[in-house]
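>>> Would you be able to build a 3D model of this:
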Amino acid sequence: MKLGCVVMAAGNARRFGENKLAARFRGKSLIRRTLEAVPEDIFDAVAVVTQYPEITELAREFAFIAIRNEHPDFGISHTIQLGLTELRDCDGVLFLVSDQPLLRRESVTELAELWKRQPDKIAALGHDGVRGNPCLFPARFFPELLELREDHGGNTVIRRHEEDLILLEVDGAELYDVDTVRALEQLEQGDTK
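Numbering: from 1, shown residues only. Presented below is the predicted three-dimensional model:
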């Protein structure tokens, strides 16, 4: 079974005010933390979709495929399309956002293993039964993902197929995403509520 991973690192981070992926948490940039959370030994290919030259270089440092998103203003759907087109021959693709600095590599591995036991399902991390990211989609959902437009992401597809969703329970802190400077400050202070 061929498994791919798309690291989504192309957003404009308007709420953050600058390239949030360059922001540092515990001595490392958010994007470096994300790439370190990718267990490359379980993926046949990892594609990093970004608009930022420095992230392109970092992706190459990790020996990941770097895909330039020339139109981040087209929304998350464009990032999904670019990554999925690169990995279209995979049986499943995991989509990883780049702003969850506490996401553990072990959790990503466990999620992939859960999916491999039920490869017809959509698998996602969750906490207390509430879905979070990352999410892993089997190939049967690729056409729907490729039809997404503007800022509609995988949530749109999952909402149509809730009966096909399986969750891997993790600590809620792993799902905490950093959308604002204040959110990063709260994380630094240990407040992830």
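>>> Going by C-alpha atoms from here, please, whenever you check contacts or count neighbours.
Fine.
>>> what about residue 32, neighbour count?
Residues lying near residue 32 (other Cα atoms under 10 Å) number 18.
>>> Contact partners for it?
By Cα atoms under 8 Å, 6 or more residues apart in numbering, residue 32 lies in contact with residue 58.
>>> Show me what counts as buried in stretch 48-55.
Across stretch 48-55, burial judged by 16 or more other Cα atoms under 10 Å covers 48, 49, 50, 51, 52, 55.
>>> can you pull out the strands in this protein?
Per DSSP state E, the chain carries strands over the ranges 3-9, 24-25, 28-29, 45-50, 65-68, 92-97, 122-127, 130-138, 165-169.
>>> what bridges to residue 94?
Judged by DSSP bridges, the bridge partners of residue 94 are residue 5, residue 136.
>>> Quick check, it in contact with residue 4.
Yes. Using Cα atoms under 8 Å, residue 94 is in contact with residue 4, at 6.3 Å.
>>> okay, the angle between the helix ranked longest in the chain and strand 122-127?
When the chain is parsed with DSSP state H, its longest helix is helix 105-117. Interaxial angle of helix 105-117 relative to strand 122-127 (axes from the mean of the first three to the mean of the last three Cα atoms, to 10 degrees): 140 degrees.
>>> Check the burial of the closest residue in space to residue 60 that isn't next to it in sequence by counting its neighbours.
Once flanking residues are discounted, residue 60 sits nearest to residue 66: 6.6 Å by Cα to Cα, 6 or more residues apart in numbering. If you count neighbours by other Cα under 10 Å, residue 66 ends up with 21.
>>> Test of understanding: give the bridge partners of residue 66.
According to DSSP bridges, the residues that bridge with residue 66 are residue 48.
>>> Residue 7 against residue 45, yeah?
No. If you go by Cα under 8 Å, residue 7 and residue 45 don't touch, sitting 11.0 Å apart.
>>> Might you calculate how far the helix or strand bottoming out on mean pLDDT in the chain sits from the centre of the chain?
Each helix and strand of the chain was given a mean pLDDT (mean pLDDT, DSSP states H and E); the minimum falls on helix 181-188 at a mean of 78. How far helix 181-188 lies from its chain's middle: 20 Å, per Cα atoms, centre = their mean, to the nearest Å.
>>> again with stretch 30-45
Averaging C-alpha positions (Cα atoms, centre = their mean) puts stretch 30-45 10 Å from its chain's average.
>>> How about it, which residues are buried there?
30-35, 37-40, 42-43, 45.
>>> May I see those residues arranged in a markdown table, with pLDDT and distance to residue 138 as well?
Shown next, in a markdown table, are the buried residues of stretch 30-45 (pLDDT from 0 to 100; distance: Cα to Cα, whole Å):
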| residue | pLDDT | distance to residue 138 |
| --- | --- | --- |
| 30 | 93 | 27 |
| 31 | 94 | 25 |
| 32 | 96 | 27 |
| 33 | 95 | 26 |
| 34 | 96 | 22 |
| 35 | 97 | 22 |
| 37 | 97 | 21 |
| 38 | 98 | 18 |
| 39 | 96 | 19 |
| 40 | 90 | 18 |
| 42 | 96 | 15 |
| 43 | 97 | 14 |
| 45 | 97 | 15 |
